[in-house]
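**Student:** predicted model follows, preceded by the sequence.
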Amino acid sequence: VQLQESGPGLVKPSQTLSLTCTVSGASITTDYYYWSWIRQPPGKGLEWIGYIGYSGDTTYKPSLKSRASISRDTSKNQFTLQLGSVTPEDTAVYYCAANYQLVVVAPRDSSDYDYWGQGTQVTVSS
């Protein structure tokens, strides 16, 4: 399974960040796979943002729930993160990741997920 993030690298404060993860090697509707967005701010650890499951269900980190939305396009085998009202504190490397049967809501390192994208830097700045 391979994942690839895409989207703008620079977003202005108060705007909406939008990233897409394109998946190959597996369908995002495959039973019991969970597709997550995770970020790592500079100098900090990994932060799980949310997931969309194989059936289309979504769950978010409570502190980001009001601003985050994850959706999918099964025809393109993609899932997308939208994060609204961004501030410079949202500057981070954003990853899409996947696990089978399990979602780790407090990932410590790459071993907590089976598959990762290479990550994409997003900077929030005017």
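**Tutor:** Thanks, I have the structure now. Predicted model only: the values in this text are computed from it and were never measured.

**Student:** which one is Gly50 nearest to, not counting chain neighbours?
**Tutor:** Closest residue to Gly50 apart from its sequence neighbours, by Cβ to Cβ, 6 or more residues apart in numbering: Tyr60 at 3.7 Å. Glycine gets a C-beta too; all of them are placed from N, C-alpha and C.

**Student:** OK, contacts around the one you found?
**Tutor:** For Tyr60, the set of contacting residues under the criterion of Cβ atoms under 8 Å, 6 or more residues apart in numbering consists of 49-50, 68, 70.

**Student:** from those, which is closest to Arg108?
**Tutor:** Ile49 (15.8 Å; Cβ to Cβ).

**Student:** now that closest one: closest residue in space that isn't a chain neighbour?
**Tutor:** Ranked by Cβ to Cβ, 6+ apart and with sequence neighbours excluded, the top spatial neighbour of Ile49 is Trp37, at 4.3 Å.

**Student:** show me what the one you found bridges to in the sheet.
**Tutor:** Each beta-bridge partner of Trp37 is listed here, defined by DSSP bridges: Gly50, Cys96.

**Student:** hmm, it is touching Ala92, no?
**Tutor:** No. Contact status for Trp37 versus Ala92: not in contact, 10.6 Å apart, counting by Cβ atoms under 8 Å.

**Student:** could the contacts of Tyr60 go into JSON lines alongside pLDDT, distance to Trp116 and neighbour count?
**Tutor:** Formatted as JSON lines, the contacts of Tyr60 follow (pLDDT from 0 to 100; distance: Cβ to Cβ, whole Å; neighbours: other Cβ atoms under 10 Å):
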{"residue": "Ile49", "pLDDT": "97", "distance to Trp116": "14", "neighbour count": "23"}
{"residue": "Gly50", "pLDDT": "97", "distance to Trp116": "16", "neighbour count": "21"}
{"residue": "Ala68", "pLDDT": "98", "distance to Trp116": "19", "neighbour count": "18"}
{"residue": "Ile70", "pLDDT": "98", "distance to Trp116": "17", "neighbour count": "23"}
